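S.K.: show me the folded form of this:
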Amino acid sequence: MARVTDSPRNDDRELTLRWSGQVSLTPRILAVNIIALAMLAGGFFYLDSYRSRIVDNRVAQASREARLIAEAMGSVAPERHNILALRLARDTGARIRLYDTQGKLVTDTRALGLRNFILRDPDKEDWQQDTARFLDAVIDTVVGAPRAPLYRERVEGLEWPDVHTARSTESVPATVWRAPDRTPVITAAAALPTGGVVMTTINARDITQTVRVERFRLSVVLAIVSAISILLSLFLARTIVRPLRRLARAAVRVRLGRAREVVVPRLPSRRDELGMLARALSDMSLALRARIDATEAFAADVTHEMKNPLASLRSAVEGLSSVKDPELQERLLAIVRDDVHRLDRLITDISEASRLDAQLSRAKFEDVDVGAMIAALLDQRAERGVERDIQIRFDHRIGEKLIAMGEGARLERVFENLIENAISFSPDGGLIVVSAVRDGDDLVVKVEDEGPGVPEEAREQVFSRFQSLRPDGEEFGKHSGLGLAIARTIVEGHQGAIAVESREDRLSGARFVVRLPMSDKR
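M.R.: Okay, here's the model as predicted:
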């Protein structure tokens with residue numbers, strides 16, 4: 001049966017389905033900007049209050065004009081009322097009507113031929129006015145504007161509420177009506193000094209026109225700002241959401257186990273936080289890929305290294321069952337013991353090497369006096385004795401504090417491995433020199449021997465796992481090849497560096513140099 005593998009398109013579909021129940025950043029960005037636009041749209045409420053103030057001013061003006069007209073009418077003879085009414089109607093633009101004490105119409109400037117008050121029939125106007133009235137109705141409904149009563153003519157004067165009120169009181173009442181074309185009509189009435197009532201009527205169409213003009217301007221501004229805001233929101237979403245989706249898809253593919261095939265976009269042109277995130281994720285995926293490759297290589301090396309002693313052990317055990325010679329049996333048992341010791345050493349070193357990174361990541365560093373630690377380590381080594389009459393000397397400035405931040409046990413393992421490595425390569429009666437000095441902000445520790453040295457082409461190879469350039473004549477299997485690899489892992493975990501170089505003061509010999517950052521409390 002053929003094995004079905006997930007394609008990048010399937011990964012994208014899985015990512016889309018997983019996020020389908022969530023709200024993407026794009027509508028959120030649009031929603032935030034739309035809220036700001038809604039606040040700008042609140043200007044329509046201000047226009048309603050602006051219209052109310054204009055109407056109130058015009059009502060007060062109509063009341064004053066009605067009072068002045070009443071006083072002017074009372075100062076002339078009744079037979080001159082018509083002439084004066086026409087003159088005042090032309091000056092004020094209002095329709096003037098006079099009623100007697102019984103509410104009967106006495107004078108009407110419209111009947112006298114002056115048609116300065118005309119109500120437009122909305123059915124005879126063009127579509128633009130119909131649209132304007134429809135928008136007025138919609139906006140008035142949204143802002144909750146009060147709706148004035150519909151204006152209609154009345155036969156009797158007392159049917160007008162203003163006339164009825166002015167006839168019985170000394171006040172000058174005024175009323176706002178609504179014309180058929182939704183423009184305001186203002187009526188005001190005042191009692192005549194000689195008896196009767198004068199009423200003025202004016203169609204304040206200019207108020208509606210002014211409000212419509214302001215609403216149109218606000219609508220244009222709102223439309224332009226909305227278009228710009230939506231375009232900027234989409235641009236912002238494009239510059240934020242799309243890179244995030246690309247990074248998320250790459251992360252999903254890494255999670256699904258295809259870290260080697262996935263290239264996390266680094267977004268080199270982005271100098272903002274998204275670019276930093278992309279490069280951090282890319283570096284993380286590369287580190288993960290390197291860690292996976294190293295793990296696989298380590299597992300392959302472990303398998304290879306353990307096969308040799310296991311094969312030798314199996315061969316020796318099988319031979320024991322068929323060999324009867326005691327001397328030969330003892331030799332086979334010696335091989336079994338050596339192979340068991342070799343396997344034990346391999347397993348111990350492999351276990352430490354495999355757990356070293358995780359342990360260093362959790363370790364709590366503290367101040368370590370490296371000079372005192374090396375001196376104590378060499379004293380312990382001298383008490384145990386050094387084979388082949390090899391001498392070890394420690395060069396350092398007495399009383400000088402060489403403090404580094406780290407974990408003492410791990411750093412001690414580094415220098416112990418280096419010293420053991422130098423002893424194994426030193427000739428009989430050779431000299432090993434260990435020195436520790438301060439170099440600026442670094443602590444430099446050198447371990448020098450008089451052995452054959454390390455070829456230049458192999459100076460990096462010696463720090464690899466299971467790589468060892470053993471001296472001639474050394475018994476096979478005494479070293480696991482992990483000592484220098486463990487030392488490098490520990491040093492780099494302490495933000496330091498380790499390298500090997502040739503000794504300049506001798507024709508042969510190797511010098512291992514360890515650099516560690518010194519503590520601020522030194």
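S.K.: can I assume residue 176 sits in a strand?
M.R.: Yes - under DSSP: H, G, I helix; E, B strand; the rest coil, residue 176 falls within a strand.
S.K.: would you agree it is in contact with residue 55?
M.R.: Yes - Residue 176 lies in contact with residue 55 (CB atoms under 8 Å); the separation is 6.0 Å. Backbone N, C-alpha and C define where each C-beta goes, glycine included.
S.K.: point out where the stretch 101-250 of the chain drops to low pLDDT.
M.R.: Counting by pLDDT under 70, the stretch 101-250 of the chain shows no low-confidence range.
S.K.: rerun that using 90 as the cut-off
M.R.: 101-103, 115-148, 154-158, 167-171, 178-183, 193-195, 205-250 (pLDDT under 90).
S.K.: all strands of it, in order?
M.R.: 105-108, 174-178, 184-191, 197-203 (DSSP state E, counting those that start in this stretch).
S.K.: per-residue pLDDT, residue 11?
M.R.: What the model reports for residue 11 is a pLDDT of 50.
S.K.: go on, residue 71?
M.R.: pLDDT, read off for residue 71, is 92.
S.K.: follow-up on the earlier one: which one of the strands of the stretch 101-250 of the chain lies closest to residue 440?
M.R.: strand 184-191 (87.6 Å; CB to CB).
S.K.: mind listing what the spatially closest residue to residue 195 that is not a sequence neighbour touches?
M.R.: Leaving aside its sequence neighbours, residue 195 sits nearest to residue 101 (CB to CB, 6 or more residues apart in numbering; 5.0 Å). Counting by CB atoms under 8 Å, 6 or more residues apart in numbering, residue 101 touches 167, 195-196.
S.K.: which neighbours do residue 176 and residue 55 have in common?
M.R.: In contact with both residue 176 and residue 55: 184, 186, using CB under 8 Å, 6+ apart.
S.K.: next one: the top helix by length along the chain to chain centre, how far?
M.R.: Criterion DSSP state H: the longest helix present in the chain is helix 205-255. Between the centre of helix 205-255 and the centre of its chain there are 20 Å (CA atoms, centre = their mean, to the nearest Å).
S.K.: that one to strand 184-191, inter-axis angle?
M.R.: 140 degrees (axes from the mean of the first three to the mean of the last three CA atoms, to 10 degrees).
S.K.: check which element follows helix 205-255 along the chain.
M.R.: Downstream of helix 205-255, the next assigned helix or strand under DSSP states H and E is helix 273-320.
S.K.: and the pLDDT for the residue of the chain positioned farthest from its centre?
M.R.: In the chain, counting by CA atoms, centre = their mean, residue 79 sits farthest out from the average C-alpha position, at 85.9 Å. For residue 79, the pLDDT comes out at 88.
S.K.: got a list of what it touches?
M.R.: Residue 79 neighbours (CB under 8 Å, 6+ apart): none.
S.K.: so it belongs to a helix, correct?
M.R.: Yes - per three-state DSSP, residue 79 lies within a helix segment.
S.K.: how close does it sit to residue 106?
M.R.: Separation of residue 79 from residue 106 (CB to CB, to the nearest Å): 12 Å.
S.K.: and the helices in the stretch 301-450 of the chain, which stretches?
M.R.: Taking DSSP state H, counting those that start in this stretch, the helices of the stretch 301-450 of the chain run over residues 326-362, 370-384, 408-425.
S.K.: now the first one: mean pLDDT?
M.R.: The average pLDDT for helix 326-362 rounds to 73.
S.K.: how about low-confidence regions in the stretch 401-522 of the chain?
M.R.: For the stretch 401-522 of the chain (pLDDT under 90), the answer is 401-430, 438-442, 449-496, 499-511, 517-522.
S.K.: ok, residue 490 touching residue 413?
M.R.: Yes - Residue 490 is within contact range of residue 413, at 6.4 Å (criterion: CB under 8 Å).
S.K.: which one of those two is surrounded by more residues?
M.R.: When residue 490 and residue 413 are compared on other CB atoms under 10 Å, the one with more neighbours turns out to be residue 490, at 25 against 17.
S.K.: and the more buried one, helix, strand or coil?
M.R.: helix.
S.K.: okay, buried residues for the helix or strand encompassing residue 89 please.
M.R.: Under the criterion of DSSP H and E, residue 89 resides in helix 81-92. Residues 81-82, 84-86, 88-89, 92 are the ones in helix 81-92 that count as buried (16 or more other CB atoms under 10 Å).
S.K.: mind giving me the packing neighbours of it?
M.R.: helix 43-74, strand 95-99, strand 105-108 (3 or more CB pairs under 8 Å, 6 or more residues apart in numbering; DSSP states H and E).
S.K.: these: which one's closest to residue 299?
M.R.: Residue 299 lies closest to helix 43-74 among those, at 70.8 Å (CB to CB).
S.K.: and that closest one, what does it pack against?
M.R.: Packed next to helix 43-74, using 3+ CB pairs under 8 Å, 6+ apart, are helix 81-92, helix 127-143, strand 174-178, strand 184-191, strand 197-203, helix 205-255.
S.K.: relative to helix 127-143, how tilted is that helix?
M.R.: Between helix 43-74 and helix 127-143, the angle comes out at 110 degrees (the same axes, to 10 degrees).
S.K.: now helix 43-74: how far from the chain's centre is it?
M.R.: That offset, for helix 43-74, works out to 56 Å (CA atoms, centre = their mean).
S.K.: how about stretch 316-336?
M.R.: 70 Å.
S.K.: show me what counts as buried in it.
M.R.: Judged by neighbour count (16+ other CB under 10 Å), stretch 316-336 contains these buried residues: 316, 332, 335-336.
S.K.: who does the closest residue to residue 162 other than its chain neighbours bridge with?
M.R.: Ranked by CB to CB, 6+ apart and with sequence neighbours excluded, the top spatial neighbour of residue 162 is residue 189, at 3.7 Å. In this entry, residue 189 is beta-bridged to residue 199, by DSSP bridges.
S.K.: quick check: residue 199 vs residue 340, distance?
M.R.: On the measure of CB to CB, residue 199 and residue 340 end up 125 Å apart.
S.K.: neighbour count: these two, which is higher?
M.R.: Taking neighbours as other CB under 10 Å, residue 199 and residue 340 compare with residue 199 leading, 26 against 12.
S.K.: from residue 163, how far out is the more buried one?
M.R.: According to CB to CB, residue 199 and residue 163 sit 6 Å apart.
S.K.: also residue 420?
M.R.: From residue 420 to residue 163 the distance is 121 Å (CB to CB).
S.K.: picking up where we left off before, now the helices and strands packed on helix 43-74 in JSON lines, with distance to residue 120?
M.R.: JSON lines is the format used below for the helices and strands packed on helix 43-74 (distance: least, CB to CB, whole Å):
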{"stretch": "helix 81-92", "distance to residue 120": "19"}
{"stretch": "helix 127-143", "distance to residue 120": "8"}
{"stretch": "strand 174-178", "distance to residue 120": "13"}
{"stretch": "strand 184-191", "distance to residue 120": "11"}
{"stretch": "strand 197-203", "distance to residue 120": "9"}
{"stretch": "helix 205-255", "distance to residue 120": "8"}
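S.K.: which one of these lies closest to residue 286?
M.R.: helix 205-255 (10.8 Å).
S.K.: who does the closest one touch, helix- and strand-wise?
M.R.: Counting by 3+ CB pairs under 8 Å, 6+ apart, helix 205-255 packs on helix 8-19, helix 25-41, helix 43-74, helix 127-143, helix 273-320.
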